[in-house]
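[1] generate coordinates for the sequence data below:
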Amino acid sequence: MYKACSILLSMVLLMSGCSFFEKEEVQPKVQPEDKAVVLQPDEGAIIPQPDDEAIVLHPEIEVIAENLRVPWSIDMVNGVFYLSERTGSIVKVENGKMERQQVSLEKQLAKAAEAGLLGFVLDPNFTDSQRAFAYYTYSDNGRDQFNRIVILDYDGDRWKEEKILLDRIPSATYHHGGRLKIGQDNKLYITTGDATTPETAQDLTTLNGKILRMNLDGTIPDDNPFLNSYVYSYGHRNPQGLVWIGRTLYASEHGQSAHDEVNQIKPGANYGWPVIEGWEEKAGMETPLFQSGEDTWAPSGMAAFAGKLYVATLRGIAVREFDLEKKTTSPVITGLGRIRDLFIDGDYLYFVSNNTDGRGTPDENDDRLFRVLLSNLK
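    Modelled structure (predicted):
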């Protein structure tokens, strides 16, 4: 792997100040009622080695935008970027110019840790429709907290909530999920967290701890794996990344303190939480392609190129590469702090840092949108 280090990216680290969001809380470990059998990983399974974590600093990294406020999602059309910020704005970046645009939502954003304006993806026909899809966390009358999926209308300067597609996805202080992606089948895929109630991930009557699939008008597709249900897969703890290679869907997922996962998603499949995690096995449940062992990646957004997965990691403070053919993983970009989301366009990988979320150590210009040539990640 190419490790350029001839020019170091100098960072002036400042003390992290007050956050719009509450601070992180360590969640207690959940013991499943049915004890799973712990097996050795299959031949070729990924076990990260300590020397994988060497600092990788690339002088070729360019800053496209800075002074972002907790960015969460990246999308782009015709060379123009649109970034969601958890504090409730969309940032437009065009020809080097950054414009923070107001988003008018029907409900007040929740201020819980990990909450806010999260997933954001442009309509496939955005040039004509001027619409996008968004996922946000809100407080209902200052008491109950939920997530909802909406359509936003865009007038060129600001965004407005126009239609609710799915509402009252139960929420909590942590584990909101929140990633939105549109597949090649023109369906909207959504990740939801277990909202710190692990058993809901196994309950097909709830929307928590799932990957959901819907038509772009909010209706349930006829070919979903469960009748009259948005549920596409279940048994997830807090999935935050989705990407396809061909027609195969992959997802990233936060484990409990460790054992973060990258999974190949099959319709109707059960991914085990909270009954199993890591390399544990149980009949009728899926084990991951990759898992972090006793280390923590806290994986978030995903992108794919040339048969490889690229995953933003928060506690892992890196962009990690996952080689599906070689069954190996290693960091290819580090030294920039927490990374939340990725986007690939042409020869470039774009990614956003997330050092202003109350858990990082931001410098005076964080957070930033970066880009780097994919050819340099070797």
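[2] can you report how many residues lie near Asn186?
    11 (other Cβ atoms under 10 Å). (Each C-beta comes from the backbone N, C-alpha and C, glycine too.)
[3] which strand or helix spans it?
    Per DSSP states H and E, Asn186 falls between elements, in no helix or strand.
[4] same check, this time on Met98
    When elements are assigned from DSSP H and E, Met98 belongs to strand 97-104.
[5] who does that strand pair up with?
    For strand 97-104, the paired strands and their directions (DSSP bridges) are strand 89-94 (antiparallel), strand 159-170 (parallel).
[6] is it correct that Phe81 is in contact with Leu369?
    Yes: with the criterion set as Cβ atoms under 8 Å, Phe81 and Leu369 qualify as a contacting pair; they are 6.8 Å apart.
[7] the more surrounded of those two?
    For Phe81 against Leu369, the residue with the higher neighbour count under other Cβ under 10 Å is Leu369, and the figures read 23 against 20.
[8] picking that back up, residues in contact with the strand holding Met98?
    Where contact means Cβ atoms under 8 Å, 6 or more residues apart in numbering, the residues beyond strand 97-104 that reach it are 65, 67, 69, 85, 88-93, 117, 134, 152, 157-161.
[9] shared neighbours of Phe81 and Leu369, anything?
    Where contact means Cβ under 8 Å, 6+ apart, the residues bridging Phe81 and Leu369 through contact with each are Ile64, Ala65, Ile74, Val93, Tyr350.
[10] so what's Gln240 closest to, chain neighbours aside?
    In space, and not counting its chain neighbours, Gln240 is closest to Ser300: 4.5 Å by Cβ to Cβ, 6 or more residues apart in numbering.
[11] so the one you found lies in a strand, does it not?
    Yes: using DSSP: H, G, I helix; E, B strand; the rest coil, the secondary structure at Ser300 is a strand.
[12] that one and Ile339 touch, don't they?
    Yes: here Ser300 lies in contact with Ile339, judged by Cβ under 8 Å, at a distance of 7.3 Å.
[13] mutual contacts of these two, please.
    Looking at what touches both Ser300 and Ile339 (by Cβ under 8 Å, 6+ apart), the common residues are Ala312, Thr313, Leu314, Asn354.
[14] so which of the residues you listed comes closest to Ser330?
    Closest to Ser330 out of these is Thr313 (11.8 Å), distances taken as Cβ to Cβ.
[15] pLDDT value on the closest one, please?
    What the model reports as pLDDT for Thr313 is 98.
[16] contacting residues for it?
    Trp297, Ala298, Pro299, Ser300, Val319, Arg320, Pro331, Arg338, Ile339.
[17] could you find the closest non-adjacent residue to it?
    Using Cβ to Cβ, 6+ apart and skipping the chain neighbours, the partner closest in space to Thr313 is Trp297 (4.3 Å).
[18] can you give me the neighbour number for that neighbour?
    Using other Cβ under 10 Å, Trp297 is surrounded by 29 other residues.
[19] so who does it touch?
    Counting by Cβ under 8 Å, 6+ apart, Trp297 has contacts Asp260, Val311, Thr313, Leu314, Arg315, Gly316, Arg320.
[20] okay, and the beta partners of the third one?
    Taking DSSP bridges, one obtains Pro299, Ala318 as the residues bridged to Thr313.
[21] please begin residue numbering at 541 from this point
    Yes, from this point I'll number from 541; that puts the last item at Thr853.
[22] what's the span of stretch 629-646 from first residue to last?
    By Cα to Cα, to the nearest Å, the extent of stretch 629-646 from end to end equals 14 Å.
[23] quick one: buried residues of it?
    Ser629, Ile630, Val631, Lys632, Val633, Met638, Gln641, Val643, Leu645 (16 or more other Cβ atoms under 10 Å).
[24] closest one to Asn681 out of those, please.
    The shortest approach to Asn681 among the buried residues of stretch 629-646 belongs to Leu645, at 15.4 Å (Cβ to Cβ).
[25] please name the nearest non-neighbouring residue to Leu756.
    The spatial neighbour of Leu756 that comes closest, neighbours along the chain excluded (Cβ to Cβ, 6+ apart), is Leu728 at 5.8 Å.
[26] which pair of the contacts of Thr853 spans the longest distance?
    Checking the contacts of Thr853 against each other with Cβ to Cβ, the farthest-apart pair comes out as Ser840 and Pro871, at 14.3 Å.
[27] looking at the two, which is more packed in?
    When Ser840 and Pro871 are compared for neighbours, Ser840 comes out ahead with 27 against 23, by other Cβ under 10 Å.
[28] how close does the more buried one sit to Gln648?
    Distance of Ser840 to Gln648, computed by Cβ to Cβ, to the nearest Å: 25 Å.
[29] just give me the neighbour total for Tyr647.
    In this structure residue 647 is Lys, not Tyr. Other residues near Lys647 come to 17 when the count uses other Cβ under 10 Å.
[30] give me the phi and psi angles of the nearest residue to it once chain neighbours are set aside.
    In space, Lys647 comes closest to Tyr678 once its chain neighbours are excluded; the distance is 3.5 Å by Cβ to Cβ, 6+ apart. Backbone geometry at Tyr678, expressed as degrees, to the nearest 10, gives phi -140, psi 160.
[31] quick one: residues contacting Tyr678.
    For Tyr678, the set of contacting residues under the criterion of Cβ under 8 Å, 6+ apart consists of Leu645, Lys647, Gln648, Leu649, Ala650, Gln685, Phe686, Asn687, Arg688.
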